[in-house]
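Asks: Quick one, fold the following:
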Amino acid sequence: MTTEKKPLPRRAHLITPEGLQALKDEHEFLWRRERPKVTQEVSDAAKLGDRSENAEYIYGKKRLRQIDSRVRFLMKRMDAVTVVDRAPSEPDKVFFGAWIELEDDAGELLRYRIVGEDEIDLPHNYISVDAPLARGLLGKCEGDDVSVRLPKGETEYYIARVVYERPEWDRRPTPVFD
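Replies: Residues are numbered from 1 along each chain as shown. Predicted coordinates for the structure are as follows:
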């Protein structure tokens with residue numbers, strides 16, 4: 001009999017309302033602003049003559065393919081995700097979308113938000129719901145001591161705070177597309 005745990009099912013199809021809005025904003029920017037601009041650049045470059053040695057034309061066509069590929073991905077992704085747009089009935093427990101404050105063994109305060117794979121932002125401590133730390137915290141309550149199996153080994157944390165409204169310490173900027 002083995003003692004290994006079976007992996008949990010992936011939950012990466014989940015997204016917060018802010019994450020969905022970021023996908024929509026990127027799609028809108030690419031489709032309404034970037035693609036028409038690049039299309040015009042390709043058209044202008046094509047008028048210059050020999051396309052086989054025209055770097056602007058070749059690069060522009062490549063950029064159009066990249067834009068079209070990203071637009072297709074965004075459309076499929078927006079159709080596939082499930083938006084989690086309300087706080088759970090037990091707001092003191094860790095679920096998807098929570099901002100959490102943890103205290104490690106050394107007494108250091110760590111702050112994270114649990115999000116879907118489209119929203120991961122490690123510099124701002126937005127971690128995937130599928131990450132080992134998030135998996136170890138899901139369903140636990142504020143005030144609990146938890147042991148989480150991480151790649152570096154078993155680690156102990158104290159869940160100091162769980163909130164579902166943006167806390168004052170979250171300084172993650174909203175993505176802006178020019």
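Asks: what number of residues lie near the nearest residue to Pro132 once chain neighbours are set aside?
Replies: With sequence-adjacent residues excluded and distances taken as C-beta to C-beta, 6 or more residues apart in numbering, Pro132 is closest to Leu150, at 5.2 Å. Bear in mind the C-beta positions are built from the backbone N, C-alpha and C, glycine included. By other C-beta atoms under 10 Å, the residues close to Leu150 number 11.
Asks: need the contact list for Leu150.
Replies: Residues counted as contacts of Leu150 (C-beta atoms under 8 Å, 6 or more residues apart in numbering) are Pro132, Leu133, Gly136.
Asks: If you rank these by neighbours, which is first?
Replies: Most surrounded of the contacts of Leu150: other C-beta under 10 Å gives Leu133, at 21 neighbours.
Asks: wait, is that one part of a strand?
Replies: No: counting by DSSP: H, G, I helix; E, B strand; the rest coil, Leu133 is not part of a strand but helix.
Asks: Tell me the spacing between it and Ile114.
Replies: Taking C-beta to C-beta, to the nearest Å as the measure, Leu133 falls 9 Å from Ile114.
Asks: Perfect, I'm done here.
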